[in-house]
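**Student:** give me a 3D structure for the following:
(one chain, ligands or ions: 2)
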Amino acid sequence: MQLSILLLASDRNAATQLAQALAEPGHGVTVVSSVPDLLSSAPRYSLVVIDRVQGGASVADVIAQLRADSSSPAVPVLAISQSADLEERIALLEANADDVLTRPFDTGELAARVEALAIRAQHAAERTGSRAYNDGSGRRVVAVFSPKGGVGTTTVATNLALIAAERHPNQTLILDLDLSFGQVASHLNLTPKQSVLELARDVAAQHDHELFRTYAIHHPGNLQVLAAPPGPGFSSLITAQHVEQILTVAAEAYEVVIVDAGAALDERAMTVFGRSDTTVIPVIPEIPGLNSVHIMLDQLSDIGALGGSSLFVLNNVFARDLLKRSDIETALGAKIAAELPYDPLVYLKAVNEGVPVIRGSSRSLPAERLRALADTVFGPVAGVVPLAAPKEKRGLFGRR
Ligand SMILES: Nc1ncnc2c1ncn2[C@@H]1O[C@H](COP(=O)(O)OP(=O)(O)O)[C@@H](O)[C@H]1O
Ligand SMILES: [Mg+2]
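**Tutor:** Ligands and ions are numbered 1, 2, ... in the order given. Just a heads-up that it's a prediction; the model follows:
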């Protein structure tokens, strides 16, 4: 059974080790470092593992909060106890942890406990007919957005989509919701005859998977593409309600949906954030822009607009490094989860030829980094768990 596991861990080294151990049997693992990220994402996972919590809260407090949240009552929780202290163990079980594993433990024991919990949860869900149990089939919606254009949003979205399509052939959709200047089709060298605009006018297709799929165009990378409207004049014809309905059906019709959400922070973008498991935000090393992203994210979190976790990609669009990573992270108020190197040719060749980097320059450093980003977003491919965490995975965690 392949599971999607959500891990809350505050210590970076412990998180990396635990994530690798959990991923070893082929499970997908997402790491979050904050309690709000855990609470908002938990309903979409088949299992939650809680290691250590930052700040004052105890693991037992967090489990109690999770249980109190009606959207995720059925998610099984494995708590890691830091010592063999009986009181700690009792507190965790009283808070309704499904199981408690005491440090130190070996990876075999961890895998066995995880498997047992998943089987129990599945049986319980079958008995009650509950659909709260996520079977780990990996269905997910990933949005790529940046409040600024020209920072690599479409580059990241198209490459992530092609990597997802390698893992889920013909079950991956890239949806171009950069409604004014969508360039997904051109990055993929496709000339769409229809777009999200026609789909938005077809009420039947917004409720029927088969009809819905007829609006997507096929890319030879086994990727389905739903293009943006043909020009900025049509953008206003697509409302937030359309976006909501389109994303609902898309998430049912495909295993993975990647949304290029463009750079306009409007109600439609907010709808995308609310429906996404992960929002990937490319940023460039430029302080005012980073500050704006910081403010935007704070405001979005305050109003609860982000449905899942957010993850930052530093795109080095300049030839020189003028800023230190620590300065960038300070301005951003968050960790960088992945970094794309500057390259004067590879990306430009990709957009001009309509062949994304991971296909057109598959052995280049940008391609390697884009694949590392995909591992962070989707979880590593089963069986290919890196032994040492590569540098760019440093910020598996969400926001500071
Ligand atoms: N790291 C990089 N180094 C050099 N050029 C880049 C880099 N990332 C993106 N580009 C180029 O920048 C341009 C804008 O990228 P794009 O993905 O279309 O951005 P957006 O969707 O945010 O407007 C493209 O020509 C792309 O090839
Ligand atoms: Mg773009």
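
**Student:** per-residue confidence averaged over stretch 192-205?
**Tutor:** Per-region confidence: stretch 192-205 scores 93 on mean pLDDT.

**Student:** now the least confident helix or strand in the chain by mean pLDDT: buried residues?
**Tutor:** Across the helices and strands of the chain, mean confidence by mean pLDDT, DSSP states H and E is lowest for helix 107-128: a mean of 81. Residues of helix 107-128 classed as buried by neighbour count (16 or more other C-beta atoms under 10 Å): L110, R113, V114, L117, A118, A121, Q122, A125. All C-beta spots, glycine's among them, are computed from the backbone N, C-alpha and C.

**Student:** can you list the residues of this protein near ligand 1?
**Tutor:** 146, 149-155, 183, 315-317, 340, 342-343, 347-348, 351 (C-beta under 6 Å from any ligand atom).

**Student:** quick check on these: which are buried?
**Tutor:** Buried among the residues of the chain next to ligand 1 (16+ other C-beta under 10 Å): 146, 151-155, 183, 315-317, 340, 342-343, 347, 351.

**Student:** helices - which of those land there?
**Tutor:** Those of those mapping onto helices are T153, T154, T155, Y347, V351, per DSSP state H.

**Student:** pLDDT score for the fourth one?
**Tutor:** In this case it means Y347. Y347 carries a pLDDT value of 98.

**Student:** what sits against it?
**Tutor:** Counting by C-beta atoms under 8 Å, 6 or more residues apart in numbering, Y347 makes contact with G152, T155, V357, P366.

**Student:** reformat those residues as JSON lines; add pLDDT and distance to ligand 2.
**Tutor:** JSON lines is the format used below for those (pLDDT from 0 to 100; distance: C-beta to the ion, whole Å):
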{"residue": "G152", "pLDDT": "98", "distance to ligand 2": "8"}
{"residue": "T155", "pLDDT": "98", "distance to ligand 2": "8"}
{"residue": "V357", "pLDDT": "98", "distance to ligand 2": "15"}
{"residue": "P366", "pLDDT": "98", "distance to ligand 2": "17"}
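
**Student:** can you give me the strands for the stretch 151-300 of the chain?
**Tutor:** Secondary structure of the stretch 151-300 of the chain, counting by DSSP state E, counting those that start in this stretch: strands at 172-176, 217-219, 223-226, 256-260, 278-283.

**Student:** those: which one's closest to D321?
**Tutor:** With C-beta to C-beta as the measure, strand 278-283 is the member of the strands of the stretch 151-300 of the chain nearest D321 (14.4 Å).

**Student:** and the residue of the stretch 51-200 of the chain nearest ligand 2?
**Tutor:** Using C-beta to the ion, the closest approach of the stretch 51-200 of the chain to ligand 2 is made by T154 at 3.3 Å.

**Student:** that residue touches F181, doesn't it?
**Tutor:** No - assessed by C-beta atoms under 8 Å, T154 is found out of contact with F181, at 9.4 Å.

**Student:** find residues that contact each of the two.
**Tutor:** Joint contacts of T154 and F181 (C-beta under 8 Å, 6+ apart) do not exist.

**Student:** model confidence score at the residue in the stretch 301-400 of the chain that ligand 2 sits nearest to, please.
**Tutor:** In the stretch 301-400 of the chain, no residue comes nearer to ligand 2 than V351, which is 9.8 Å away by C-beta to the ion. As predicted, V351 sits at a pLDDT of 97.

**Student:** which one is it nearest to, not counting chain neighbours?
**Tutor:** H187 (5.9 Å; C-beta to C-beta, 6 or more residues apart in numbering).
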